[in-house]
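In: how would this look folded up:
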Amino acid sequence: MIIGLTRFKIPSRVVALAVAATLSIAGAVTVASAEATAAAAGVENEGADCTGPGLPDAGSLPTDSRLPDPFRKLDGTRISTRSEWRCRREETKRLAERFVYGEKPVKPASVTGTVSRTNITVNVNHNGRSSNFSASVSLPSGSGPFPAVVVLGGFGADTAAIRAAGAAVISYDPYAVGREGTPRNNKQGAFYSVYGSSSGTGLLMAWAWGVSRIIDVIEQSDGSVLRADATGVTGCSRFGKGAFVVGAFDQRIALTMPIESGSAGVPIFRGIPGEGAQSLSSAYGEQPWLGDAFGSFTGSPARLPVDTHQMVAMVAPRGLFVMDNPHIANLGPRSASVATLGGAEVYKALGAGENITYWSDVQDGSHCANRSEWRTPLQQNIQKFLLKTGNAPGAIRISSRASGNLSEWRDWQTPALGDSGDTTPPSTPGTPVASGVTATGATLSWTASTDQGGSGLAGYNVHREQGETDPQLGQSATTSFTLTGLTANTQYQVYVRARDGAGNLSGASQPVTFTTTGGGGDTSPPTAPAGLTASGTTSTGTTLSWTASTDDTGVTGYDILRAPGASGGAFTQAGTSATSSFGDTGLTPNTTYRYQVRARDAAGNTSPVSNTAQVTTQPGTSTGACAAVATVQTQWGNGYVIQPLTVTNTGTSAITGWTVTFTLPAGHTLTGSWNGTTTVSGQTVTIRNVGHNGALAPGAATSGVGFQVSRPNGNTSLPSGYTCA
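Out: Below is the predicted model of the structure:
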């Protein structure tokens, strides 16, 4: 928001930690600090402009059983001031991408979408490829705009407590962006539609990319529903892994809350083999969660130049609340506590020790349960980091059932990071000049600022003036910046602020105002197609028809969009038609699809999408046979997880669909499932294939199917009578 002519905002100063925290097993200890900034950054990655030595080669990595020193730079020196953390964090990020998760691409060339009180849509275009997906919104009481918590996957998060605290819930289906049950050389989902099915980036980073694109759309909205500067993220189990990666790799996330994330989540990789948690090879092989490059470290994590305590540190100084379950060794809770304690050392060094909480001191051992012990700290964290109405300090509550000892894992000590001594901001940049304005972009240039305090000019932040919040469009290390992904025929008001090496920000420049071109003489899109229906549906095809659109210069054709499943999956283009009908073929038997249609005119304008039509193809004929084998991945007193439920084609001919039936013991209740369509009748459970895993060649198998069950405490029975047809 522009205030007067200077629009100068005084940045919070991070001051040194005054009191070092001590650890108390199963007891609350305040992680004390003096005042420290915890605000989310205005950009996805503040260190994008940092330069430094090249990353090490995988073949030259030494073996070290101790956790890497988070304060030691790639050149071998250690940071000594808090201002150096920005570029040290960037080194950590690049190591984690190279060796653990795979690359997270920068913001695509075009990200557009809508925000309403019930839904968010995201449309991405990059290098000639496109994808789209959506997320539902559930608002708390009040008029807004609201902070929001992105909930991955739909189970394990206490959404009622989130809304009661005053935050909206964004329900995000990660499978729409990166689908499980796919081989590494043929990954599917909105991310891989843009970056290729053979991308080495794993699902966790793809899911994180999807949340970042949701934030892009919120930033571009008018701010009447959701606040762009107050977003949190949470999820449980596999979605806890995802939430952890989301928060580590997008600095616009103000509060990160992973729940019982297990191997490939918070627990240190080096500690997993000795704890009896799910092995790294199992986690790597179960789903392509981790990047392809991690495959060479599953048996030798001590060779990794980075570990998860450094991903915890990447969240600093922003809010972090790690929720864990000490009753299930398979989740690696001891290793998770070590990761959090190691990352907390960076929080303390930055003067932000009170911004991190770890809580495994819980009585109920059920996986992904809504626990009463977490409700109060959950709401306190939302109030502190999203609503900015509270100041409750973080706490470390580690259960004696699974307590880690950081001293056994490190040979480094936490430095006392000093202030650079520079508290003087740079001079205000000159007024930007816009040139090369097109329908979707413009180039800005301005007169340079000068450093006033001795820490050196680090770069510039570029902002758009937009109502109550001014979203940051990007950063530049030079006196120019190219804007992309703009909307045609739209007025923009943009200003620039300089920053120095100590993090001081200058006053805002005078704004430049420009209007993008109309993209041609015709800027009016056709009307949306109406009355979309499907008929004549067979096991492999369906016929769509709709009422034609109208346009002032004439409709030239229609794009047919298709999404898998009854909800959640991303719509991608399945074909085009010059008429108001389309026959879609090559579908999978016994599978649900959704369709939408949009019209195009000669100028390339596209209409809003039509209504959605849903079809379920007929069951296919199969001459093969199948078998189902269930594996218990983990179990605890009152529950268990079956993963994988392996379905194998035991016949001599291909099958196009399968159905597994089994019986739950008395008192057992199905609480969740994945990669299958599940129905329950009494104690009989039926799981049918979904679109991507029904077709199996002779001898082929699918192993991504799984489910979770709750049972009476102490009852050790398991399901029986598995049949496959």
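In: find the residue at the geometric middle of this structure.
Out: By C-alpha atoms, centre = their mean, the mean C-alpha position of the chain lies nearest to Ala208, the distance being 2.5 Å.
In: name the element that one belongs to?
Out: Assigned by DSSP states H and E, Ala208 belongs to helix 203-220.
In: what's downstream of that helix, the next helix or strand?
Out: In N-to-C order, the element after helix 203-220 by DSSP H and E is strand 226-236.
In: helices or strands up against that following strand?
Out: Applying 3 or more C-beta pairs under 8 Å, 6 or more residues apart in numbering; DSSP states H and E, we find strand 226-236 packed against strand 146-152, helix 203-220, helix 238-249, strand 253-259. Using the backbone N, CA and C atoms, a C-beta is placed for each residue, glycine as well.
In: which one of the ones you listed lies nearest to Ser545?
Out: Relative to Ser545, the nearest member of these by C-beta to C-beta is helix 203-220, separated by 31.6 Å.
In: next one: that closest one to chain centre, how far?
Out: Averaging C-alpha positions (C-alpha atoms, centre = their mean, to the nearest Å) puts helix 203-220 6 Å from its chain's average.
In: got it, and stretch 269-288?
Out: With C-alpha atoms, centre = their mean as the basis, stretch 269-288 stands 21 Å off its chain's centre.
In: restricting to C-alpha, output stretch 582-600 in CSV.
Out: The C-alpha trace of stretch 582-600 is given here as CSV (Å, rounded to 0.1, in the frame of the first residue of the first chain):
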residue,chain,number,x,y,z
PHE,A,582,-16.7,-34.4,-29.8
GLY,A,583,-16.0,-38.1,-29.5
ASP,A,584,-13.4,-39.0,-26.9
THR,A,585,-11.8,-42.5,-27.3
GLY,A,586,-9.1,-44.5,-25.7
LEU,A,587,-10.5,-44.3,-22.2
THR,A,588,-10.0,-46.8,-19.4
PRO,A,589,-12.9,-49.1,-18.6
ASN,A,590,-14.7,-48.7,-15.3
THR,A,591,-13.2,-45.2,-14.8
THR,A,592,-14.7,-41.8,-13.9
TYR,A,593,-13.8,-38.7,-16.0
ARG,A,594,-14.9,-35.1,-15.9
TYR,A,595,-15.1,-32.9,-19.0
GLN,A,596,-15.3,-29.1,-19.7
VAL,A,597,-15.3,-27.3,-23.0
ARG,A,598,-14.1,-23.7,-23.9
ALA,A,599,-14.4,-21.8,-27.1
ARG,A,600,-11.8,-19.9,-29.1
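In: buried set for that stretch?
Out: Of the residues in stretch 582-600, 582, 584, 587-600 count as buried by neighbour count, 16 or more other C-beta atoms under 10 Å.
In: which elements pack onto the helix holding Ala208?
Out: Partner elements for helix 203-220 (3+ C-beta pairs under 8 Å, 6+ apart): strand 110-115, strand 119-126, strand 146-152, strand 168-172, helix 190-195, strand 226-236, helix 238-249.
In: that helix to helix 238-249, inter-axis angle?
Out: Counting by axes from the mean of the first three to the mean of the last three C-alpha atoms, to 10 degrees, helix 203-220 points 60 degrees away from the direction of helix 238-249.
In: can I assume Arg72 is in contact with Arg78?
Out: Yes - contact criterion C-beta atoms under 8 Å: Arg72 and Arg78 qualify, at 5.2 Å.
In: OK, contacts around Pro415?
Out: Phe71, Arg78, Ile79, Ser80, Ala349 (C-beta atoms under 8 Å, 6 or more residues apart in numbering).
In: that one falls within a helix, correct?
Out: No - counting by DSSP: H, G, I helix; E, B strand; the rest coil, Pro415 falls outside a helix, being coil.
In: using the three-state scheme, assign Val660.
Out: Following three-state DSSP, the label given to Val660 is strand.
In: what's the neighbour count on Gly154?
Out: Close neighbours of Gly154, defined as other C-beta atoms under 10 Å, add up to 17.
In: so which strand or helix has it?
Out: Counting by DSSP H and E, there is no helix or strand that carries Gly154.
In: hmm, Ser171 and it touching each other?
Out: Yes - contact criterion C-beta under 8 Å: Gly154 and Ser171 qualify, at 6.1 Å.
In: if we can go back for a sec, among the contacts of Pro415, find me the one that's closest to Thr484.
Out: Nearest to Thr484 among the contacts of Pro415 is Ile79, at 33.5 Å by C-beta to C-beta.
In: what about that closest one, distance to Pro426?
Out: Separation of Ile79 from Pro426 (C-beta to C-beta, to the nearest Å) stands at 22 Å.
In: so for the two, which sits in the more crowded spot?
Out: Pro426 (25 against 19).
In: secondary structure element for the more buried one?
Out: Counting by DSSP H and E, Pro426 is part of no helix or strand.
In: ok, now how distant is it from Leu473?
Out: Taking C-beta to C-beta as the measure, Pro426 falls 19 Å from Leu473.
In: then Ala48?
Out: Taking C-beta to C-beta, one finds Ala48 at 13 Å from Leu473.
In: more crowded one of these two?
Out: Legend: neighbour count by other C-beta under 10 Å for Ala48 and Leu473, higher for Leu473 (24 against 15).
In: test my guess that that one contacts Arg464.
Out: Yes - between Leu473 and Arg464 there is a contact under C-beta under 8 Å: 5.6 Å.
In: which residues do these two both contact?
Out: Common neighbours of Leu473 and Arg464 (C-beta under 8 Å, 6+ apart) are Val494.
In: what about the strands in the stretch 401-550 of the chain?
Out: Along the stretch 401-550 of the chain, counting by DSSP state E, counting those that start in this stretch, strands occupy 433-435, 442-445, 457-464, 472-476, 480-483, 491-500, 512-515, 530-535, 542-547.
In: can you list these in TSV and add distance to Gly247?
Out: Listed next are those as TSV, based on distance: least, C-beta to C-beta, whole Å:
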stretch	distance to Gly247
strand 433-435	35
strand 442-445	31
strand 457-464	22
strand 472-476	18
strand 480-483	27
strand 491-500	23
strand 512-515	34
strand 530-535	39
strand 542-547	41
